[in-house]
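How does the following fold in three dimensions:
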Amino acid sequence: MGHVEVGHLVYVLPDGRPLLNDVSFRVGDGAKAALVGPNGAGKTTLMRLIAGDLQPIEGSVASSGGLGVMRQFIGTVRDGSTVHDLLLSVAPPGVRGAAGALHRAELAMMERDDEKTQMRYAQAITDYTDAGGYDIEVLWDTCTVAALGVPYDNVKYREVDTLSGGEQKRLALEALLRGPDQTLLLDEPDNYLDVPGKVWLEERLKETPKTVVLVSHDRQLLANAADRIVTVESGSVWIHGGGFATYAQARQERNERLDELRRRWDEEHAKLKRLVVMLKQKASYNDGMAPAYHAAQTRLRRFEEAGPPEVAPKEQNIRMRLRGGRTGKRAVVCEDLELTGLMKPFDAEIWYGERIAVLGSNGSGKSHFLRLLAGEDIRRTGTALLGARVVPGHFAQTHARPDLRGRTPCEIVMTEHARLKNEAMKALARYELAGAVAEQRFETLSGGQQARLQILLLELSGATLLLLDEPTDNLDLASAEALQDGLAGFDGTVIAVTHDRWFAADFDRFLVFGADGRVYEAAEPVWDESRVVRPR
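Numbers count the residues shown, from 1 in each chain. Presented below is the predicted three-dimensional model:
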């Protein structure tokens, strides 16, 4: 079994801004703890500090049972590495070190075959064996069969970028959950997983005896798999010992309690200061009051040195004013539409004001369908027509916006939508993108901040048809709720690709892109096609 303990951790960003201040918490044996908090609050930084990737200014980090780490960007690997490299990246440090030495020895053997090189190679094999390298390759065979359906030897040299993001995540999770490390750090393990994959992850997290600390924005996964919530906000951390179902109420009660403690402290502070002033006046003409005056001064000094209680964190106040506008009755009409190689021909009518959730497995054509409606040139047969006065606005899943790179949110809003600087800053403030964030380049923003900026640009564009591709993937809890509120008041049509079960519950209709190429409508969300009978 394992544990994680963080003691009085302090971390300052490279530009000098304090991020974490006196952070302390413990996650005990077998616990499943979820790190939550606003985008940019320091969740990933805290995970990297625990993993040893970063060093704190002050404080300590301890763990036991071996530490297995899934870093944030597994699932987007495009660097030419292989399946072997991916599995090695989540292996124990001893195995990684021995594998590196063995690889170097093998390269040396290819260049020269003298006795010294042979001895070095033999020693590297022995070290790799002693580190458990060949034992873990047996485990990897189980993992590749489970995640990819093929043995390890058949896929070890396959390039990772030939796998989908979901396959990469599933493979790394299989290795960590089956591996020897008893403490796991998982940074957004559910991103790129479809819903059956997320359900699989939830079940495995509940079954495993390992200690798990994870970062996730998926509210359903948090509700199903986490038994405690570690909140990172305003530079500090607090723990809710219950699950996600009671978290919102617990946070509200905690903040109310902190507000009350601060009010009482302020009242006592003011009272002591008044007492000191009064006794000072009396001591000025009555020497007998001097001891009382000095005692009051000492009491005030000690009170101030002890300091005020913790201030309740500022509530996020994200206000998305998605307006839209009246359009023709038919917003989208598809007739005999087929995206080449992705699906079979289908018909669909989407009416003004409807909320359509587009569901289905990865690679079934959902994102291509949104891009087609957004006006991109996608290979197809059949027709997809927009109705009168329908203006599409597209939210891209990967935030791949080369047109925004190198520019700040303030510049983008000013130039894209002809806003004066003070108007741009007011709009950015509603999305909590003002201040220092407004002057950062787009590519340096967190995933959640990029997502909020994209939604703001949709708001300012005057779109009457919102095409949203996984909009909640990187949004923190408050931002996801703000988006749902904004969509509820939107005067127009919404078509959203999503694997977010919590988010999908607000939609009217469900268009399912089946794994067999068929596109059909369902009365309820369909997350696992093997469990439903599709219409003929």
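
which residues in the stretch 51-200 of the chain form helices?
Along the stretch 51-200 of the chain, counting by DSSP state H, counting those that start in this stretch, helices occupy 83-89, 93-111, 115-130, 133-148, 152-155, 165-178, 195-207.

where in this protein is pLDDT low?
Applying pLDDT under 70 to the chain flags residues 75-79, 398-400, 529-536.

If you count neighbours, what's buried in the longest helix belonging to it?
Counting by DSSP state H, the longest helix found in the chain is helix 247-283. Neighbour-count burial for helix 247-283 flags 247, 250-251, 254, 258, 272, 275-276, 279, 283 (criterion: 16 or more other C-beta atoms under 10 Å). Any C-beta I mention is one placed from the backbone N, CA and C, and that applies to glycine too.

Ile350 should be in a helix, yeah?
No. With DSSP: H, G, I helix; E, B strand; the rest coil as the criterion, Ile350 is located in strand rather than a helix.

Let the chain start at 44 from now.
In the new numbering, first residue 44, that becomes Ile393.

And Val401, how far from His411?
Taking C-beta to C-beta, to the nearest Å as the measure, Val401 falls 11 Å from His411.

Mind checking which of those two has more residues around it?
Between Val401 and His411, counted using other C-beta atoms under 10 Å, the more crowded position is Val401 (25 against 20).

Identify the residues contacting the more buried one.
For Val401, the contact set (C-beta atoms under 8 Å, 6 or more residues apart in numbering) comprises 409, 412-413, 538-541, 554, 556.

can you do 6 Å?
Counting by C-beta atoms under 6 Å, 6 or more residues apart in numbering, Val401 touches 409, 540, 554.

which SS class is it?
strand.

you'd agree Gly491 is up against Asn82?
Yes. Assessed by C-beta atoms under 6 Å, Gly491 is found in contact with Asn82 at 2.9 Å.

Need the overlap of contacts for these two.
In terms of C-beta under 6 Å, 6+ apart, Gly491 and Asn82 are both contacted by the residues Asp519.

Could you give the number of residues near the residue nearest to Pro239 when sequence neighbours are not counted?
Closest residue to Pro239 apart from its sequence neighbours, by C-beta to C-beta, 6 or more residues apart in numbering: Asp571 at 4.9 Å. Asp571: 11 surrounding residues under other C-beta under 10 Å.

Map the structural domains onto the sequence of the protein.
What automatic domain parsing lists as the domains of the chain is 44-109+225-285, 301-349, 373-447+486-574.

what about the first one, how long is it end to end?
With C-alpha to C-alpha, to the nearest Å as the measure, domain 44-109+225-285 spans 21 Å from end to end.

what helix or strand does Gly418 sit in?
Secondary structure from DSSP states H and E places Gly418 outside every helix and strand.

In contact with it, which residues?
Taking C-beta under 6 Å, 6+ apart as the definition, Gly418 has no contacts.

Please tell me how far it sits from Gly436.
Per C-beta to C-beta, Gly418 is found 11 Å from Gly436.

what's the answer for Ala481, then?
Using C-beta to C-beta, Ala481 is found at 22 Å from Gly436.

which of those two has more neighbours?
Applying other C-beta under 10 Å to Ala481 and Gly436 shows that Gly436 carries more neighbours, namely 22 against 19.

Now the phi/psi pair for the nearest residue to that one once chain neighbours are set aside, please.
Excluding the flanking residues, the one nearest Gly436 by C-beta to C-beta, 6+ apart is Ala506, at 2.8 Å. Ala506 has phi and psi values of phi -60, psi 140 when expressed as degrees, to the nearest 10.

Test my guess that Ala506 contacts Val433.
No. Ala506 lies out of contact with Val433 (C-beta under 6 Å); the separation is 9.0 Å.

Settle it for me: which of the two has more neighbours?
Taking other C-beta under 10 Å, Ala506 and Val433 do not tie; Ala506 has more neighbours (24 against 21).

Can you tell me how far the more buried one is from Glu419?
Separation of Ala506 from Glu419 (C-beta to C-beta) stands at 15 Å.

can you check Ser259 too?
Using C-beta to C-beta, Ser259 is found at 31 Å from Glu419.

Compare those two and say which is more crowded by neighbours.
Ranked by neighbour count (other C-beta under 10 Å), Ser259 and Glu419 place Ser259 first, with 23 against 10.

how many neighbours does the residue nearest to that one when sequence neighbours are not counted have?
Spatially, and ignoring its direct neighbours in sequence, Ser259 is nearest to Asp233 (5.5 Å; C-beta to C-beta, 6+ apart). Neighbourhood size, Asp233 [other C-beta under 10 Å]: 28.

thinking again about what came up before, so for Asn197, which of the domains of the chain sits nearest?
When the domains of the chain are compared for distance to Asn197 using C-beta to C-beta, the nearest one is domain 373-447+486-574, at 21.1 Å.

Tell me how far that closest one lies from the chain's centre.
Averaging C-alpha positions (C-alpha atoms, centre = their mean, to the nearest Å) puts domain 373-447+486-574 20 Å from its chain's average.

Mind listing what's buried along stretch 355-365?
Residues of stretch 355-365 classed as buried: 355-356, 359, 361, 363, 365 (neighbour count, 16+ other C-beta under 10 Å).

what's the answer for stretch 180-196, then?
Residues 180, 182-184, 186-187, 190-191, 195 are the ones in stretch 180-196 that count as buried (16+ other C-beta under 10 Å).

On the three-state scheme, Ser407 is what?
With three-state DSSP as the criterion, Ser407 reads coil.

Just give me the neighbour total for the residue lying closest to Tyr200 once chain neighbours are set aside.
Nearest residue to Tyr200 in three dimensions, chain neighbours excluded: Thr125, at 5.3 Å (C-beta to C-beta, 6+ apart). Residues within reach of Thr125, counting by other C-beta under 10 Å, total 16.

cool, the one 5 residues further on as well?
With neighbours defined by other C-beta under 10 Å, the count for Leu130 comes to 26.

is it true that it touches Ala218?
Yes. Counting by C-beta under 6 Å, Ala218 is a contact partner of Leu130 at 5.4 Å.

just to revisit the earlier point, between the contacts of Val401, which is closest to Val53?
When the contacts of Val401 are ranked by distance to Val53 (C-beta to C-beta), Val540 comes first, at 41.2 Å.

List the residues that contact Ala151.
Ala151 sits in contact with Thr160, where contact means C-beta under 6 Å, 6+ apart.

rewinding a little: now, among the buried residues of stretch 180-196, which is nearest to Glu276?
Distances from Glu276 to the buried residues of stretch 180-196, taken by C-beta to C-beta, are shortest for Ala190, at 34.9 Å.

hang on, isn't the closest one packed against Ala215?
No. When contacts are counted by C-beta under 6 Å, Ala190 is not listed as touching Ala215 (8.7 Å).

before we move on, the earlier item: out of the contacts of Val401, the closest to Leu429 would be?
Relative to Leu429, the closest of the contacts of Val401 is Leu554; by C-beta to C-beta it sits at 16.2 Å.

Phi first, then psi, for that closest one.
phi -100, psi 120.

Surely the residue nearest to Pro239 is in contact with Asp237?
No. Using C-beta under 6 Å, Asp571 is not in contact with Asp237, being 9.1 Å away.

what do those two both touch?
With C-beta under 6 Å, 6+ apart as the test, Asp571 and Asp237 reach no residue in common.
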